[in-house]
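**Student:** I need the structure of the sequence given here:
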Amino acid sequence: MFKIPETMKAVQLTGHGGSEVLEYRDNIAMPRPKHNEVLIRVAAAGVNNTDINTRTAWYSKSDNNGKDASWSGNALVFPRIQGADVCGIIVSVGDGVDNKRIGERVLVEPCVREANAQELELPWYFGSECDGGFAEYTVISSNHAYAIKSELSDIELATFPCSYSTAENMLTRTKVTSKDKVLITGASGGVGSAAIQLAKARGAYVIAVTSPAKKNQLMDLGADEVVFRDKNLVEALGNNSVDVVIDLVAGAQWPQLLALLKVQGRYAVSGAIGGALVELDVRTLYLKDLSFYGCTVLEPKVFQNLIDCIEQQKIIPIVVLTFPLEDIYKAQEVFQEKQHVGKIVLTVI
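**Tutor:** Below you'll find the model as predicted:
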C-alpha cells in the first residue's frame, strides 16, 4: 500500500520579483485533503505565462506594488506554491469523496470555483489564490479533478489544462463555428497553438499571426494561412475580412485587429504580451456592432469539453522541453526567451 510521507518537495514563491524569490525545498508539510477534496500526487506540471506574471506582479495595475497582483485582484499570500497545469494520480480523499477515486489519473481544472468545501463568490486560479502543482502533492476540490483516460504520457497531458482550457474558453465565448474565419495572434505560444487546433476541430478557417521562423510549425498544426507579425495586418488581409479575433498580444497593433473584424465581429482577449494599454476609437466599436470578450473565468463545461477532445484525440500535445522540478529557474528562463512553439513541462515524479 502506498504510504503518504509527512513532507514533500516543492517550489515556494516567497515574494514578488525575479527567480530569486522561487525557493526549492524538500521539507514542505504534506497538504491534507479536507471535506470534498482530493490529494493528488503530481506527475508533471506545465510552465505558463501566468506563473511568471504572478511572480513579477505583472497583474497589478498599481505600479506592480503587489497589493492587487493576484488573479482575483487581491494581494498574493506568501509563501505560495504556483503551477496551474497538473497531471497526476489521486492518492487520498477527504470526507464526502468516494474512496473509489483513489488511483484515478486526473487533470486539474485551473479555474477554481470551490475551495474549503465552499462555493467561491469570485473564482480563484490554481497556484494564485491557493497552492498549485509545482510540488510532489497538491490538494484541490474533487469537482476540479477531472478523470482522464488517455494513452498520452503524464508530461504530454500536463500541457493541456491551462492553455488549452483558456483557448477553448475564448472559442466558446465567441461561439466559433465552421462558418467563421478566425485570426489568432500570438499563435506560436501555448494558448495560441491550442487555439489553432481547437478552432480547426470546430471546422473554422484559421489565420495565425507569428514570426517567419515558426510558419511551418503552425501550418503543420492546422493553420490555413499565416501572416507575419511585423506586417501591417490590414494591408495583408483587408478591412472587414475576419469574423473572430482571438488575441493574446494586444499592444500597438491592436487597432488593426478591430479594422480586420467584419460588422458584428467578435473579439476575445486573454493576454497582452505586446502591451496592456491600447488605443481604441470607440466609433469602430459601435459603428461595426462589435462584441468584446475578456476571457479569464472558464465557462461551464469548457474543461469537460477539453477532456473530451483529448480522449477523442482531436487535439495533440506539443512538448518542447522538459526540466525536473528543481530546475524551474532554467525552465522559466527558456520559456521567457519565446523561441519555441508549444509547451515546457516540469517533471515531478
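
**Student:** contacts, neighbours, all on C-alpha from now
**Tutor:** Will do.

**Student:** for residue 44, helix, strand, or coil?
**Tutor:** strand (DSSP: H, G, I helix; E, B strand; the rest coil).

**Student:** who does it bridge with?
**Tutor:** residue 87, residue 347 (DSSP bridges).

**Student:** show me what contacts it?
**Tutor:** 86-88, 154-155, 158, 345-349 (C-alpha atoms under 8 Å, 6 or more residues apart in numbering).

**Student:** now do 6 Å
**Tutor:** Residues near residue 44 by C-alpha atoms under 6 Å, 6 or more residues apart in numbering: 87, 155, 158, 346-348.

**Student:** any stretches of this structure with poor pLDDT?
**Tutor:** 1, 63-65 (pLDDT under 70).

**Student:** all helices of it, in order?
**Tutor:** For the chain, the helices defined by DSSP state H occupy 49-55, 154-157, 161-173, 190-201, 215-221, 233-237, 254-260, 282-287, 302-311, 328-337.

**Student:** where do the strands sit along the stretch 1-150 of the chain?
**Tutor:** Ranges of strands in the stretch 1-150 of the chain, per DSSP state E, counting those that start in this stretch, are 7-13, 22-29, 37-46, 85-93, 105-108, 111-115, 118-125, 137-141, 145-147.

**Student:** re earlier: arrange the helices of the chain in TSV, one row each, with distance to residue 136 and mean neighbour count as further columns.
**Tutor:** Conversion of the helices of the chain to TSV gives the following (distance: least, C-alpha to C-alpha, whole Å; neighbours: other C-alpha atoms under 10 Å):
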stretch	distance to residue 136	mean neighbour count
helix 49-55	17	21
helix 154-157	14	24
helix 161-173	18	25
helix 190-201	24	26
helix 215-221	32	16
helix 233-237	45	14
helix 254-260	41	19
helix 282-287	48	12
helix 302-311	23	18
helix 328-337	14	16
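
**Student:** in TSV, list these along with distance to residue 22.
**Tutor:** Output for the helices of the chain, formatted as TSV (distance: least, C-alpha to C-alpha, whole Å):
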stretch	distance to residue 22
helix 49-55	9
helix 154-157	22
helix 161-173	21
helix 190-201	22
helix 215-221	33
helix 233-237	39
helix 254-260	34
helix 282-287	42
helix 302-311	29
helix 328-337	8
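
**Student:** looking at those, which is nearest to residue 144?
**Tutor:** helix 302-311 (9.2 Å; C-alpha to C-alpha).

**Student:** now the closest one and helix 190-201, what's the angle there?
**Tutor:** For helix 302-311 against helix 190-201, the angle by axes from the mean of the first three to the mean of the last three C-alpha atoms, to 10 degrees is 70 degrees.

**Student:** circling back to that earlier point, now, of the strands of the stretch 1-150 of the chain, which is deepest in the fold?
**Tutor:** strand 37-46 (a mean of 28; mean count of other C-alpha atoms under 10 Å).

**Student:** quick one on the thing from earlier: how about the strands of the stretch 1-150 of the chain, which one is nearest residue 172?
**Tutor:** strand 111-115 (15.4 Å).

**Student:** that closest one pairs with which strands, and in what direction?
**Tutor:** Strand 111-115 has these strand partners (DSSP bridges): strand 118-125 (antiparallel).

**Student:** could you check the angle the partner strand makes with helix 161-173?
**Tutor:** Using the same axes, to 10 degrees: strand 118-125 against helix 161-173 is 100 degrees.

**Student:** who's in contact with stretch 158-167?
**Tutor:** 44-46, 85-87, 190-191, 194-195, 303.

**Student:** which of those sits closest to residue 333?
**Tutor:** Of the contacts of stretch 158-167, the one sitting nearest to residue 333 (C-alpha to C-alpha) turns out to be residue 46, at 13.9 Å.

**Student:** contact partners for that closest one?
**Tutor:** Counted by C-alpha under 6 Å, 6+ apart, residue 46 has contacts 85, 158-159, 345-346.

**Student:** same check on residue 141?
**Tutor:** 36-37.

**Student:** just the one 5 residues further on next, same as before
**Tutor:** With contacts defined as C-alpha under 6 Å, 6+ apart, residue 146 is in contact with 106-107.

**Student:** distance check, it against residue 302.
**Tutor:** Using C-alpha to C-alpha, to the nearest Å, we find residue 146 at a distance of 12 Å from residue 302.

**Student:** just the CA atoms of stretch 57-66, as CSV, please.
**Tutor:** Taking C-alpha atoms only, stretch 57-66 is exported to CSV below (Å, rounded to 0.1, in the frame of the first residue of the first chain):
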residue,chain,number,x,y,z
ALA,A,57,3.3,41.2,-10.1
TRP,A,58,2.5,42.0,-13.7
TYR,A,59,-1.2,41.6,-13.0
SER,A,60,-1.1,44.6,-10.6
LYS,A,61,-2.5,47.8,-12.0
SER,A,62,-0.9,49.8,-9.2
ASP,A,63,2.7,50.1,-10.4
ASN,A,64,3.4,46.4,-9.6
ASN,A,65,3.3,47.1,-5.9
GLY,A,66,1.8,43.7,-5.2
